[in-house]
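>>> Attaching a predicted model along with its sequence, questions to come.
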Amino acid sequence: MRCTGGPHVTLSSRRRQLYVLSAALAVTGLSVATYRAVELGFPITPGATSSLWTVEARIQFERFTPGPAKAMLAVPSDPLGFSVLSENFISRGYGVSVSDEDGDRIALWAIRRTEGEQSLYYRLRVFRQADRSLAVPAPPFPPVPELEEPFASAMDAIIEDVRRRSADVETFTATLLQTIASASPDDNVRLFIGDESDPFAAARAARTLLAGARVPARILQVLPLPDEARRVEMQPWIAVHNGKKWLFFNPMTGVKELPKSLLIWRWNGDPLVRVSGGVRESIEFRVSPSVQDALSLAQQQAASHGSRLAQFSLLDLPLQTQQVYAVVSLIPIGALIIVLMRNLVGIRTFGTFLPVLVALAFRETRLIAGILLFSSLVAVGLALRLYLEKLHLLLVPRLAAVLTMVVLLMAALSVLSHRLGLETGLSVALFPMVILTMTIERMSVVWEERGPRDAVIDGLGSLLVAAIAYGVMDMAILQHVAFVFPETLLVVLAVILMLGSYTGYRLSELRRFRALGGHGP
Amino acid sequence: MIFRHLRDLGVLGINSRNADLISAYNRRALYPLVDDKLRTKQLARDHGVPVPDLYGSLSAIRDIQEFPRAIERHQQFVVKPATGSGGDGILVFDGHQDDRFRLCTGVLLSWDDLAHHLANTLNGQYSLGGHPDRVMIEYRVQFDPIFDEVSYLGVPDIRVIVFRGFPVMAMARLPTRASHGKANLHQGAVGVGIDIANGRTLRGVLNNDVVDEHPDTGATLSGLQVPGWRKILLMAARCHELTGLGYLGVDIVLDVNKGPLMLELNARPGLNIQIANREGIMGRIRAVQAVADTSHSPEQRIDFSATEFSLTKRAATA
C-alpha cells in the first residue's frame, strides 16, 4: 500500500475559495435583505406598524332615458410620499379601463345602455412611504398671459408690489399667495378673484399672476387624509418650480408646506370628473384610516408590485407552516452558537446539536423552568437507565425502554404540575424526547465508563450551551430578521463556513496546555 | 492575542489538528483500517508488525455460544470491541472455570454477565455512532516489568505519534488508581514523555501538573530505559506504510516474552502527548514537513527522528 501524499488542493487556493464563497453568500444575503427592506418595505424591526388609508371616491350622475353612458375620473398615479397598495373600480355593469392622457391617469367607466341614478366607486388603498422621488419634470417658463384691461394693469400692479417685497421665487410666491388670501384684499386683487370664496378660483388667480411673473406653477388637487374616517373635500395646492425643484404652497395661507397627511391626487386643477350621457354629476370622497401590521402591508405591496422575490417569501406560506418556519429559521443561528462554543471556546456537549433542540424547548418553558425540567427528566431517566443496566437488556430494547420511560415521565410531570397549578410543567412535552433518550443513554455510558464527574461536566456543558443558544435565539429582533429575511441565513452560513476554517486555539486550550510553558493565563 | 503564548510554544490545538493534519493527511477512506481493530490486526500480520494473537472473534449474537470454545485453551485473555475507542468496553480476564470468569481486578463475572457484555458490544454500545460491532478475543499481554514500579494495575502502553512516516513524539501512559487502570491521561493516568533518540523516560504529567513520582507507587518516573526502543520506533514508522495515514497514533505494549506488540492505531490521536513531553509538537511536524517529500525507508526515517528530535542533542546545542 502506498502512502498518500499531502492535501490535493493547496492551502491558499482552498482558503481563497472559501473566502470568495463566504463573501458571495454574505453579499447575496445582505443585498436581497436590503432590497426587500428598502424597496419592498419589509420592516426591519418587529412589531412595526404603518398607517394605511382607504380612499373611496363615489361618482354619481343620472341618465333619464336609456342609453350609453361614460364617466371619466382622474386618479392618482404614484402619489408623492405614498405607496399604492391596491386600487379597485367598482360599478354595476360598467366596463373599466385606465389610460394615460397628458400625464394624467384617467379611469374610464363605460356602459352601452343604462338608465336612472348611477353610482361608480373608485377605491384606493395607500400607505405612507418615507422617501419617494418626484417624477414630475420641470416645466418650461410660462408665457406672460395676455389679458384685457383692467386686468393687465391690475396684474402688473400686483406683481410690481409683490416683487418689491420679495427676493426670489420662493418668497415671491409666498408673498403673492398671502396677498391674495388676505382678509382685506386691495382692489387689484379683488378684481382678480372676484367675490367668490371658491378656493380653486383663488388658486387659478394665483397661477395667472405667477405666470405674469414668469414663474412656472401648477395647481394641485390634494386630498387630506384625516386620523378618523370622514368625508373630505378635494383642495387646491400650489406647486412652483424654482429652477431646481418643486416648492409646495398652501394657497389659503401662503405658507410653504406639504403636510404628510396630504395625498396629491392630481397635478393640475382640471375637473376630476367628466360624464357623457348623464347629468348632475357629483363626486365625493370618504377616507378611512387603519393601522396595519407593517409586515402584511409590505407583503401585499410586494405582491401588487408583482415582485418575484416577494412570491418566494415565507410569509406566503399557510399560517401554520409559517409558525413552524418561525422556529426552524432560528435553528441555523443556534447552530452558529454551537460552532462558536465548541470550536472557539471548547465546551463539551452531548450530541452536536442537542443543545439547539433543548434551547428551542426553552423558548416554550422559559429558561429557569426549562433547566429545572430538563435536569430532573435527565436525572430520573439516568437513575432508571442505570437500574436497567442491571437487567442485562439488549441495546436497542433498552433504548426503547428508556424512551418509553422518558415519555411517561414527561406525561407524569405535566399532570403533576397541572394539578399544582404550574402551567410551565405542561410545556415539558416540547422537549425532544428521542434526543432526551439519547442524552440519557450517552450520559449513562459516560457515567459508567469515565465516572460521574465527566458525565456531569458534559451534561452541564450541554445545558450551558443550550442556555446561551436560548438567550440568543430568544432575541426578538433576531427572530424577526431570521423569519422575515430568511436570506440573512446566508450570512449565518458564510460565518459558519469561515469558522470552519479557523485552525487557531480554543479558549479551553489555554487551560489544557497550561502545564506546557509554566506560566500563561 | 491571548493565544500567542501557545503559538510560540508550537502547541498543536485541536482545530488545527483536525484541519491541518487529519483532514489534510488522513484520507477518510483509510479510517476503517484503523477504526476496526480486527482489520488493523490482519494488516499488521500481513506486514510483519507484531500484534497480540487473536483467539477468536464474534460477529453476531449467535456467535456468543462459540465463545467458550475460543478460550478453552487459554486461561488469560482479553475481550475487546473491534471499533471501540478510549479503552471503553475492554475486559481483561485472569482466569476462568465452570462459567465463572475472573477479571484482572479480581471481580468475578458469571457467564450471564459476560454474555450480556458481549451482546451489548455486538449491538454497538461501544462503537462510534452505535453501529453493530464485532468482538475480538485476544492474547493477554504479559507486561514487561519495566513499568511495574510506575503503574497501578491496568495497561501501561507507549503512544508514538507518526507524521508522514516519521516518529515525532512518544510517551508512556501509566495507569493510576484514579484512572481505574485506564491509560487515558484525561481519566487520570500519568503521562511520561519519552526521548525519541534513546527511549529514556522524562518527567511525568498528571492532570496537567508536572510530577516526578507515580502518585500510587511513589516510584520515580524519569530515567527509565524502554527496552527495544529502536524496534518500537521501527514498528511505529512502518505503521505508516501499513495504513497510508499521514498523521497517526501508534499504541504499543511491551510483552515480557514477545517484546513490543502493536495494540492499536489511531487516526485522530489526541494532543495530550504534548503535555506529557512538555513541548509543542508543531516544531517537530515542521521539521518533518521539510524533508518528507523525498522518499525514505523506515530505517532512514527513524534515524532522522532520533537525531533531529533528540533531547540530549538539543540540550547541547541550546
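It's in.
>>> Show me what residue of the stretch 201-318 of chain B gets nearest to chain A.
Among the residues of the stretch 201-318 of chain B, B:Asn208 lies nearest to chain A; the distance is 4.6 Å by Cβ to the nearest Cβ. All C-beta spots, glycine's among them, are computed from the backbone N, C-alpha and C.
>>> and that residue, what does it touch?
Neighbour list for B:Asn208: A:Arg511, A:Arg512, A:Arg514, A:Ala515, B:Ile275 [criterion: Cβ atoms under 8 Å, 6 or more residues apart in numbering or on different chains].
>>> Output the residues you listed in CSV, with distance to A:Glu56 and neighbour count appended to each entry.
Shown next, in CSV, are those (distance: Cβ to Cβ, whole Å; neighbours: other Cβ atoms under 10 Å in any protein chain shown):
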residue, distance to A:Glu56, neighbour count
A:Arg511, 71, 13
A:Arg512, 73, 22
A:Arg514, 76, 17
A:Ala515, 81, 19
B:Ile275, 80, 25
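>>> which of these lies closest to B:Tyr55?
Closest approach to B:Tyr55 among the contacts of B:Asn208 (Cβ to Cβ): B:Ile275, at 35.8 Å.
>>> Report pLDDT for the closest one.
We have a pLDDT of 88 for B:Ile275.
>>> And the next helix or strand past the helix or strand where it lies?
Using DSSP states H and E, B:Ile275 maps to helix B:272-277. Once the chain leaves helix B:272-277, the next helix or strand it forms, by DSSP H and E, is helix B:282-291.
>>> what residue ranges in the stretch 101-250 of chain B score low on pLDDT?
Applying pLDDT under 70 to the stretch 101-250 of chain B flags residues B:128-129.
>>> returning to what we had before: flag the least confident of the contacts of B:Asn208.
A:Ala515 (76).
>>> What about B:Phe163? Give its phi and psi, please.
The phi/psi pair for B:Phe163 (degrees, to the nearest 10) reads phi -110, psi 120.
>>> What are the neighbouring residues in contact with it?
B:Leu21, B:Tyr25, B:Gly246, B:Tyr247, B:Leu248, B:Arg284, B:Ile285, B:Val288, B:Ala292.
>>> which parts of the stretch 351-500 of chain A sit against chain B?
Counting by Cβ under 8 Å from any Cβ of the partner chain, the positions of the stretch 351-500 of chain A adjacent to chain B are A:His392, A:Leu394, A:Leu395, A:Val396, A:Val445, A:Glu449, A:Arg450, A:Gly451.
>>> from the residues you listed, which two are the most distant?
A:Val396 and A:Gly451 (25.8 Å).
>>> Compare these two (neighbour count), which wins?
A count of neighbours by other Cβ atoms under 10 Å in any protein chain shown puts A:Gly451 above the other of A:Val396 and A:Gly451, at 15 against 11.
>>> what about the spatially closest residue to B:Arg100 that is not a sequence neighbour, neighbour count?
Counting by Cβ to Cβ, 6 or more residues apart in numbering or on different chains, B:Arg100 lies nearest to B:Leu108, which is 5.7 Å off, once chain neighbours are set aside. As a burial measure, B:Leu108 scores 10 neighbours (other Cβ under 10 Å).
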